[in-house]
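Participant: The amino acid sequence is not available; the structure is as follows:
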């Protein structure tokens with residue numbers, strides 16, 4: 001019986017528009033250098049605040065991809 005192995009990493013994406021755009025930025029950027037991305041899980045959302053205003057949305061994303069030794 002053969003199985004698969006997956007590596008999990010964490011990345012943070014940012015956006016001035018929304019958390020959804022921040023998560024998409026993280027995945028789009030990671031997919032340029034990582035192959036076989038399988039699952040993305042948003043683990044944390046936060047915002048950057050300057051002078052009492054939201055200036056950036058940040059999404060911490062756990063990504064899994066198939067491990068090829």
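Facilitator: Sure, I can see it. Bear in mind that the values here come from a model prediction, so they are computed numbers and not experimental data.
Participant: per-residue pLDDT, the residue nearest the centre of the chain?
Facilitator: With distances taken as CA atoms, centre = their mean, the chain has residue 61 as the residue nearest its mean C-alpha position (3.4 Å). Looking at residue 61, its pLDDT stands at 98.
Participant: For residue 21, see how far away it is.
Facilitator: From residue 61 across to residue 21, the span is 12 Å (CB to CB, to the nearest Å). Placement of C-beta: from N, CA and C, glycine included.
Participant: Pull up the overlap in contacts between those two.
Facilitator: Shared contacts of residue 61 and residue 21 (CB atoms under 8 Å, 6 or more residues apart in numbering): none.
Participant: Could you look up the SS state of the residue nearest to the residue nearest to the centre of the chain when sequence neighbours are not counted?
Facilitator: Residue nearest to residue 61 in three dimensions, not counting chain neighbours: residue 26, with 4.6 Å by CB to CB, 6 or more residues apart in numbering. Classification of residue 26 by DSSP: H, G, I helix; E, B strand; the rest coil places it in helix.
Participant: doesn't residue 10 make contact with residue 26?
Facilitator: No. Assessed by CB atoms under 8 Å, residue 26 is found out of contact with residue 10, at 9.4 Å.
Participant: Which one's more surrounded, the two?
Facilitator: Per other CB atoms under 10 Å, whichever of residue 26 and residue 10 has more neighbours is residue 26, with 23 against 12.
Participant: May I have the residues that are in contact with that one?
Facilitator: Contacts for residue 26 (CB under 8 Å, 6+ apart) come out as 11-13, 40, 59, 61, 63.
Participant: Return the members of those classed as buried.
Facilitator: In terms of neighbour count (16 or more other CB atoms under 10 Å), the buried residues within the contacts of residue 26 are 11, 13, 40, 59, 61, 63.
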